[in-house]
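below: sequence and its predicted model.
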Amino acid sequence: MRMLHLFLVGLSLILVCGFSARAQNASRLETWLGISGRQKPAAPLSAPQGLQDHVTNGKLVLSLDDSIRLALANNTDIRIDHTQIDFAHDNLGRAHAPFDPLVSSSFADSRAKSPTINLTQGATVLDTLSQTTTFGYSQLFQTGTNFQTLFNTSKLSTNSSQSTVNPSLSSAVQFTITQPLLRNFGLFPNRAPILIAQRNIKQARANFTAQVNNIILQIVADYWNVVLARENLSVQRQSLEEAQRSYDHDKKALSLGALPPLDIYRSESQVASRRVGVIQAEYSLKQSADQFRRDIGADLDPTIRALDLELTDQPLPVGELPTTDIATALSRALANRPEFEAARQQLASDDLNIRLAHNNSKPDLELSGFYSGNGVAGDQPNPTPPPPLLRSSLSDGLNQVFHFTYPAYGATLSLNLPIKRHSAEANLADALASRRQDQYFERRSNQSITLEVTNAVHSLEQAKLTMEAAKVAVDLARDSLHADERKYELGAEPVFFVLDAQTQLAQAELNLIQAQVNFQIAVAQVDHATGDLLEHRHVQIVEPTK
């Protein structure tokens, strides 16, 4: 007993330690129910791909096309958006479920003893053994036809003297066909969920294409925002250097007595102010770079995240500037925008739902017919002994069944005619209202895309004109600075005019860079509005074969 007691105590400690280890990541209820022990962890997400191929000299060197490819491979939003296609495919498989064949089987065994109350029961205490085996097969076809086959065999053994066949083996097979004649008659009402699921897959693909279109436009904008922030920092640093040179010149002039003491504060103030501008530009660049790293998945890898970005594309346009007009852009948008395809698929699904609602409002009239065969085998008294018993086996009974020695057949015509059809009428009204709502959604999408195309074309025209004007402004500001510096050196002007000219030049250079970046973004916006962005960026969405 002492050894048994020690064994039980040790087993309890082992179980407690096991539960404690599993309970670290599970609630107490989950632990006691054993849920935490049976959970399988989810497969880890794939690591970012392709980033290491663009690391050069400790920097992440990327062109705009490289950035788009990395975003397509690593962007989290794209992965999330793609799941809608997976769900649509799953729904299509689910729509085929009603037509899946079904095989069923069962075995039942029971024994019962009961006291008898009269002599006709054949025993003082009736002892009965019953065993039943059943096999079934059923399938619904897309025409609405339901086919069923049922085979069963039963063994009955009793101590009743009144039983003529004991033990007895009874077998039967039955074929049943049911065909709807009004509701659910024909291919359409039964295939409608499949057709709707197929439309939903096309709609999901169109929606995914639209979302990829949006994400690529965001990648382009974020890429040029980093370039803009980088160039802004460069201009701010150059402006600080110029202010510092002016300040150094003034200090030298002050030491020689050529400058009043109070005039030194103006140039010193400009140095401090422009140093603030440099600090702000540095942190603006960091924020833009962090957003861009998230776009391409570089923030998921700590090693890659720590690298500086070197974006190789320049904002200055090369070659002939693209031009377009609103009519041509609208025509391209109507032909290419995936939003229109998604709206068309949704309206097509609405039409199918309306037809299906009309079908469900019909009376339910069904014709059903069956044909079956029966057979019996077992031991029964021989009226002309010997032998005293006539014996037959299960195979004899099955021979009777499948040769339909004792057939049975029949047919049934049933009609269910609801007096009120509130549910069916409400479903039909919902289907009609849903189609009307989607028509308005399509019109709203048309209006939004038309406005987007118009704004994009206007932005492109504005960006080109602004860029040309900004180039002229930079040249004039540079000439003005050179003139003021020459006058200042000759003593014809105070330092105020030089500092002001430096500020004007820095602002003009920033305006030029902003105009160039705006032009690049405007080109991408026109491509996005017309649905040509994926093609122009050599992006093709191909679904993997399953």
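Sure thing, it's come through. What you are looking at is a predicted structure, and each value in this text was computed from that prediction instead of being measured.

give me the below-cutoff pLDDT ranges for the stretch 351-500 of the chain.
Regions of the stretch 351-500 of the chain meeting the criterion pLDDT under 70 cover residues 378-392, 488, 491-496.

all strands of it, in order?
364-381, 389-391, 406-416 (DSSP state E, counting those that start in this stretch).

of those strands, flag the one that's most buried.
strand 364-381 (a mean of 17; mean count of other Cβ atoms under 10 Å). In this view, the C-beta of every residue, glycine as well, is placed from N, C-alpha and C.

pull up the pairing partners for that strand, direction included.
Sheet pairing for strand 364-381, assigned by DSSP bridges, gives strand 168-180 (antiparallel), strand 389-391 (antiparallel), strand 406-416 (antiparallel).

distance of the nearest residue to Gln400 once chain neighbours are set aside relative to Ser168?
Beyond its immediate neighbours in the sequence, the residue positioned closest to Gln400 (Cβ to Cβ, 6 or more residues apart in numbering) is Gly375, lying 3.1 Å away. Between Gly375 and Ser168 the distance is 11 Å, computed by Cβ to Cβ, to the nearest Å.

could you do Arg266 as well?
When distance is defined by Cβ to Cβ, Arg266 is 120 Å away from Ser168.

what of Asn207?
Taking Cβ to Cβ as the measure, Asn207 falls 65 Å from Ser168.

what of Arg245?
Counting by Cβ to Cβ - Arg245 and Ser168 are separated by 117 Å.

ok, those two, which is more surrounded?
Higher neighbour count among Arg245 and Ser168: Ser168, with 19 against 15, using other Cβ atoms under 10 Å.

now do the helices in the stretch 401-546 of the chain.
422-489, 495-530, 533-536 (DSSP state H, counting those that start in this stretch).

redo these as TSV? Include distance to Gln211.
Formatted as TSV, those follow (distance: least, Cβ to Cβ, whole Å):
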stretch	distance to Gln211
helix 422-489	14
helix 495-530	12
helix 533-536	12
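
winner for burial among those?
helix 495-530 (a mean of 22).

packing partners of that one?
helix 187-255, helix 264-296, helix 326-336, helix 422-489, helix 533-536 (3 or more Cβ pairs under 8 Å, 6 or more residues apart in numbering; DSSP states H and E).

gap between the second one and the chain center?
Relative to its parent chain, helix 264-296 has a centroid offset of 40 Å by Cα atoms, centre = their mean, to the nearest Å.

for it, what is the average pLDDT?
Averaging pLDDT along helix 264-296 yields 89.

list the buried residues of it.
Within helix 264-296, the residues scored as buried using 16 or more other Cβ atoms under 10 Å are 264, 267, 270-271, 274, 277-278, 281, 284-285, 288-289, 292-296.

any figure for the gap between Ala470 and Ser114?
From Ala470 to Ser114 the distance is 105 Å (Cβ to Cβ).

please identify the helix or strand for Asn184.
Assigned by DSSP states H and E, Asn184 falls within no helix or strand.

number of nearby residues for it?
Around Asn184 there are 21 residues (other Cβ under 10 Å).

leaving out chain neighbours, which residue sits closest to it?
Computed as Cβ to Cβ, 6+ apart, the closest residue to Asn184 that is not its neighbour in sequence is Gly144, at 4.7 Å.

the one you found against Ala192, yeah?
No - counting by Cβ atoms under 8 Å, Ala192 is not a contact partner of Gly144; they are 11.4 Å apart.

Thr133 bridge partners, please.
Counting by DSSP bridges, Thr133 forms beta bridges with Phe107, Thr153.

first-to-last residue distance for stretch 398-415?
One end of stretch 398-415 to the other measures 36 Å (Cα to Cα, to the nearest Å).

swap in stretch 489-497?
Taking Cα to Cα, stretch 489-497 runs 12 Å from one end to the other.

which residue packs closest to Val103, ignoring adjacent ones?
Leaving out its chain neighbours, the residue that sits closest to Val103 by Cβ to Cβ, 6+ apart is Tyr137, at 5.5 Å.

and the helix or strand hosting that neighbour, what does it pack against?
Per DSSP H and E: Tyr137 is located in strand 125-140. Contact here means 3+ Cβ pairs under 8 Å, 6+ apart; on that basis strand 125-140 packs against strand 102-115, strand 146-158.

quick one: contacts of it?
Residues from elsewhere that reach strand 125-140 (Cβ atoms under 8 Å, 6 or more residues apart in numbering): 98-116, 146-160, 167, 190.

distance from the chain centre to it, please.
Distance of strand 125-140 from the chain centroid (Cα atoms, centre = their mean) equals 48 Å.

list the buried residues in that strand.
Buried positions in strand 125-140, judged by neighbour count with 16+ other Cβ under 10 Å: Leu126, Thr128, Gln131, Leu140.

widest-spaced pair of the residues you listed?
Greatest spacing in these, by Cβ to Cβ: Leu126 and Leu140 (43.4 Å).

roughly how far apart are Gln291 and Ala221?
Using Cβ to Cβ, Gln291 is found at 10 Å from Ala221.

the residue nearest the centre of the chain in helix, strand or coil?
For the chain, Thr83 is the residue whose C-alpha lies nearest the centre (Cα atoms, centre = their mean; 2.2 Å). Classification of Thr83 by DSSP: H, G, I helix; E, B strand; the rest coil places it in helix.

quick one: residues contacting it.
Listed by Cβ under 8 Å, 6+ apart, the contact set of Thr83 is empty.

quick one on the thing from earlier: from Val55, how far off is the residue nearest to Gln400?
Between Gly375 and Val55 the computed distance is 80 Å (Cβ to Cβ).

number of residues surrounding Gly58?
By other Cβ under 10 Å, 9 other residues sit near Gly58.

touching, it and Ala306? I think so.
No - between Gly58 and Ala306 there is no contact under Cβ under 8 Å: 9.6 Å.

count the neighbours of the nearest residue to Ile513 once chain neighbours are set aside for me.
Spatial nearest neighbour of Ile513, excluding adjacent residues (Cβ to Cβ, 6+ apart): Glu231 at 4.5 Å. Glu231 has 21 neighbouring residues, counting by other Cβ under 10 Å.

wait, Glu231 touches Gln314, no?
No - in this structure, Glu231 is not within contact of Gln314 by Cβ under 8 Å, at 9.5 Å.

ok, Leu182 - contacts?
Leu182 makes contact with Lys362, Pro363, Asp364, Leu365, according to Cβ under 8 Å, 6+ apart.

which SS class is it?
Applying three-state DSSP: Leu182 is coil.

pLDDT value on it, please?
93.

from Asp364, how far out is it?
Taken as Cβ to Cβ, the span from Leu182 to Asp364 is 7 Å.

ditto for Gln400
Distance, Gln400 to Asp364, by Cβ to Cβ: 37 Å.

do the same with Asn232
Going from Asn232 to Asp364 by Cβ to Cβ gives 73 Å.

same thing with Ala306?
In terms of Cβ to Cβ, Ala306 sits 69 Å off from Asp364.

that older thread, specify which member of the contacts of Leu182 is nearest to Ile215.
Distances from Ile215 to the contacts of Leu182, taken by Cβ to Cβ, are shortest for Lys362, at 46.7 Å.

quick one, phi psi at that closest one?
Main-chain dihedrals, Lys362, degrees, to the nearest 10: phi -80, psi 160.

just checking, it touches Pro180?
No - counting by Cβ under 8 Å, Lys362 does not reach Pro180; the two are 9.3 Å apart.

neighbour count: those two, which is higher?
Remark: of Lys362 and Pro180, Pro180 carries more neighbours, 21 against 17, as counted by other Cβ under 10 Å.
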